[in-house]
Every structure is written in structure tokens, then in C-alpha cells.
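Participant: Sequence and predicted model, in that order:
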Amino acid sequence: MIRNNSQRWGSISIGLHWLTALLIIGLSIVGLVMTELPNSPLKMQVYALHKSFGLTVLALTLLRLAWRFIAGAPADLPGSQLQTLAAKIVHGLMYFLLLAMPLSGWLFNSAAGFPLRWFNLVQLPKLFIGYNPVLKDLAHDLHESGFYLLAALLLVHAGAALFHHYVLKDDALKRMTGKMP
């Protein structure tokens, strides 16, 4: 099933979800270690790939939001209003951060005066012209703080999925793995 229905997510939504998850895990690991690399051509390549994959997450998130608008979403699972509200808040914050993180990285890169090329194929415009150390530091702080908030939300998200699967024994996790009949 390609499209979402009232009971489960379709294959496009599932694929975009798990591709984004894999990219975020990879970006997180690389982001935590790349600053410790010695200055070298390898470090520049790692940074360039981090930026390119971050921009890919931005594009995938915009695609996910557009697809959700077109294809809709499954109905909320039965549960308390508090659970439903918490799920909506966590999902909303994650979507916000999946947009804000790449944009703050792009702003950091622009304020630092560096060019930005997506996989060395497409030159992206600067969000700010010229070197601006104050804006650079602000964008860096937003990017770093956003990472830690996103990491916390992803742990809550994964924990809630496992709680639904193993404790509540409902279909929350199955709906996003495609394991429903």
C-alpha cells in the first residue's frame, strides 16, 4: 500500500520516516566526532558530507510534510487525551527541529563565509552575505542546542513506540514498520 489510510502509514511515509531516521543517526554520530578531527582535507570532506546529508534531511522533511498533506495520516490510536496531546507535541517539535537544524547549519555556514555545495553538485545561496561572527556563534549555538533537544525527543519517541508495542500491545509500532495485515 503506497498511500496512508485510516489504520496505517503507507510505504512512502514509512520509507521517508526510516530514511530520515537513518540519516539523523549518521549525522549525529558524525557531528559529535567531526570537530575532533585534525585540520586536514579529510576533515573538510567530512564537514562537506555532514552539510550535504543535513540538507538532504531538510529536503526529505519538506517532502514528508507535503506527502502527509496529500496522503493524510492514520487516525489517532485509542488512548488518553494526554497521550494523544503528548504525541502531537513531540511529533510537532521533531518536525520543527528537522527543519530548524539544517537551516541553522546553513545559517552557520553562511555567517562563517563558507560556500555551500550539496554533494558538490549544486551551489546553494548564502543565507547571509559576508562573515558575521555574532550570527555565526548564534547559529552554532542553535544548531548544537537543537541537536540535544532533537536527541532527547527521539529517545522519547522511540521509547513511546516500544512502550506501545510491549506494554500496551497496540499497533503504534506496527503502523510504522509495515507489519500490519
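Facilitator: Received the coordinates, thanks.
Participant: all helices for this structure, in order.
Facilitator: Applying DSSP state H to the chain gives helices spanning 11-34, 41-71, 81-111, 133-163, 172-177.
Participant: Tell me the helices and strands packed up against the worst-scoring helix or strand of the chain on mean pLDDT.
Facilitator: Sorting the helices and strands of the chain by mean pLDDT, DSSP states H and E puts helix 172-177 at the bottom, at a mean of 89. On a contact count with 3 or more Cβ pairs under 8 Å, 6 or more residues apart in numbering; DSSP states H and E, helix 172-177 meets helix 11-34, helix 133-163. No exception for glycine: its C-beta is placed from N, CA and C like everyone else's.
Participant: picking up where we left off before, and the helices of the chain as a markdown table, adding distance to M1 and mean neighbour count?
Facilitator: Formatted as a markdown table, those follow (distance: least, Cβ to Cβ, whole Å; neighbours: other Cβ atoms under 10 Å):
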| stretch | distance to M1 | mean neighbour count |
| --- | --- | --- |
| helix 11-34 | 6 | 15 |
| helix 41-71 | 11 | 15 |
| helix 81-111 | 21 | 17 |
| helix 133-163 | 20 | 15 |
| helix 172-177 | 11 | 17 |
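Participant: how about the ones you listed in JSON lines, adding distance to L121?
Facilitator: JSON lines is the format used below for the helices of the chain (distance: least, Cβ to Cβ, whole Å):
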{"stretch": "helix 11-34", "distance to L121": "17"}
{"stretch": "helix 41-71", "distance to L121": "9"}
{"stretch": "helix 81-111", "distance to L121": "16"}
{"stretch": "helix 133-163", "distance to L121": "23"}
{"stretch": "helix 172-177", "distance to L121": "31"}
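Participant: now for those helices, which one comes closest to W118?
Facilitator: helix 41-71 (5.2 Å; Cβ to Cβ).
Participant: how far off helix 11-34 does the closest one point, in degrees?
Facilitator: Here the directions of helix 41-71 and helix 11-34 differ by 160 degrees (axes from the mean of the first three to the mean of the last three Cα atoms, to 10 degrees).
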